[in-house]
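Peer 1: here are the coordinates; sequence isn't available:
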């Protein structure tokens, strides 16, 4: 099992509420800024996109990598973080 | 570049002529009536001044026609045109318009919206149409408001995070044409803006009530209550609060009539204060009218849940209980009993890591303490050991010494 980062645990342990998109695991400041300028400045908006893509890991990662230049690991972390959040709260 | 007059008739004929000539407009030969020059002036110069005036009727159409070149021209003419102030507001503000909103790229659309003080979410294929409509509306309102329309700092939306939720909520709640709001599933801001305190208190009460409802063992609504609580959990943040509330109320009333006395006894086993208060609350509720109900509920809520954080909106996000029995999660009886302590515990415990939580839940409350169990086990094992020891293993007839006396009394194992 992949050891989860602290950020991941912190995000998945509670409803995301109004957290910034940088609070999502895998989203660093740079990527967060890129997302924010395009309108994804809150975590829930990114979640919205994830859900729109039917919670499909691969598609979401592709989208993140293609549109915002995320690295594969970043995208993967982000997708799994959101997925786990959904599993816990959705 | 001089501003062209909207009403050239204020100028003298000579002036008109000179203006026309200065702008390379061919004059009719000979001395003409002033009207002619006025017309010429209007045609060529005023048109150049505010091409938006011509194109405005086409404003709302989506076809690609004249608006396109005019739009491009207006964009080009916008910058120099802004200098003049003495004219009517119309030409100046129209220059700000990018006439055909559908022509705008996503970024431009975003910029335009930001100019009006709206911080839009991501403009994607799904959201684009909505933002276009919004921009159109704002543009129509904009010229009416005059030049004092708030032109906020065009900062990146990252800096607008604080306003973001409020702005969006205002827009969304006002805008009736917004069919796609629902796709923002987890958006709590509109709820915050909309709901007022009594309603949110009702919400909470219903939510808490349902949690307690599940606690009670009576079977006939045990299966119904969790489904209601589940649907409520999912519905409440998203939909109008009144809807689930109504169903909950319908639900509550028949339940009281059915259960009556017996369930009061069962309730008193585990919980003391709050359930008694709840009982009294329920009785009160049945008697009172809905209008009074709210007042009573508010007080009762305070009594019942003193631990609840009082937030300005009345909503405190509490962790949803994972659905027992779903997604392969094992059902544990102890979990039903622990629910009440949860709601208050979650308020204070928002930091724990996810891994520790399940263990904590288990170790917190047990029907029989662990050490007693261990002790019992040790005692039983010692007893068995002693029994085993006392059994004789030698082959000889254990009853040999008794044979001489009698062999009836000794019980055989």
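Peer 2: Arrived safely, thanks for sending. As the structure is a prediction and not an experimental result, all values here were calculated from the model.

Peer 1: okay, CA-based contacts and neighbour counts for the rest of this
Peer 2: Noted.

Peer 1: Enumerate the residues of chain A near chain B.
Peer 2: A:9-10, A:12-15, A:17, A:33, A:36-42, A:44-45, A:47-48, A:52, A:88-90 (CA under 8 Å from any CA of the partner chain).

Peer 1: please redo it, this time with the cut-off set to 10 Å
Peer 2: Counting by CA under 10 Å from any CA of the partner chain, the positions of chain A adjacent to chain B are A:6, A:8-18, A:20, A:32-49, A:51-52, A:87-90.

Peer 1: OK, now which residue of chain A is nearest to chain B?
Peer 2: Here chain A gets closest to chain B at one residue, residue A:39, 3.9 Å apart by CA to the nearest CA.

Peer 1: which SS class is that residue?
Peer 2: coil (DSSP: H, G, I helix; E, B strand; the rest coil).

Peer 1: how many neighbours does the nearest residue to it once chain neighbours are set aside have?
Peer 2: Spatial nearest neighbour of residue A:39, excluding adjacent residues (CA to CA, 6 or more residues apart in numbering or on different chains): residue B:122 at 3.9 Å. Neighbour count of residue B:122, defined by other CA atoms under 10 Å in any protein chain shown: 23.

Peer 1: is it true that residue A:36 touches residue A:22?
Peer 2: Yes - counting by CA atoms under 10 Å, residue A:36 touches residue A:22, with 9.4 Å between them.

Peer 1: buried stuff in stretch A:20-40?
Peer 2: A:20-27, A:31-40 (16 or more other CA atoms under 10 Å in any protein chain shown).

Peer 1: Which residue would you name as the spatial centre of chain A?
Peer 2: The geometric centre of chain A, computed from its C-alpha atoms, lies nearest to residue A:78 (CA atoms, centre = their mean), at 3.7 Å.

Peer 1: Tell me which helix or strand that residue sits in.
Peer 2: Under the criterion of DSSP states H and E, residue A:78 resides in helix A:72-89.

Peer 1: Buried by neighbour count: which residues of that helix qualify?
Peer 2: Buried positions in helix A:72-89, judged by neighbour count with 16+ other CA under 10 Å: A:74-86, A:88-89.

Peer 1: Give me the helices and strands touching it, please.
Peer 2: helix A:6-12, helix A:43-52, helix A:57-68 (3 or more CA pairs under 10 Å, 6 or more residues apart in numbering or on different chains; DSSP states H and E).

Peer 1: Any chance of those in JSON lines with distance to residue B:32 and mean neighbour count as columns?
Peer 2: As requested, these are exported to JSON lines (distance: least, CA to CA, whole Å; neighbours: other CA atoms under 10 Å in any protein chain shown):
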{"stretch": "helix A:6-12", "distance to residue B:32": "80", "mean neighbour count": "19"}
{"stretch": "helix A:43-52", "distance to residue B:32": "66", "mean neighbour count": "21"}
{"stretch": "helix A:57-68", "distance to residue B:32": "63", "mean neighbour count": "17"}
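
Peer 1: would JSON lines of those helices with mean pLDDT be doable?
Peer 2: Listed next are the helices and strands packed on helix A:72-89 as JSON lines, based on pLDDT from 0 to 100:
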{"stretch": "helix A:6-12", "mean pLDDT": "89"}
{"stretch": "helix A:43-52", "mean pLDDT": "91"}
{"stretch": "helix A:57-68", "mean pLDDT": "90"}
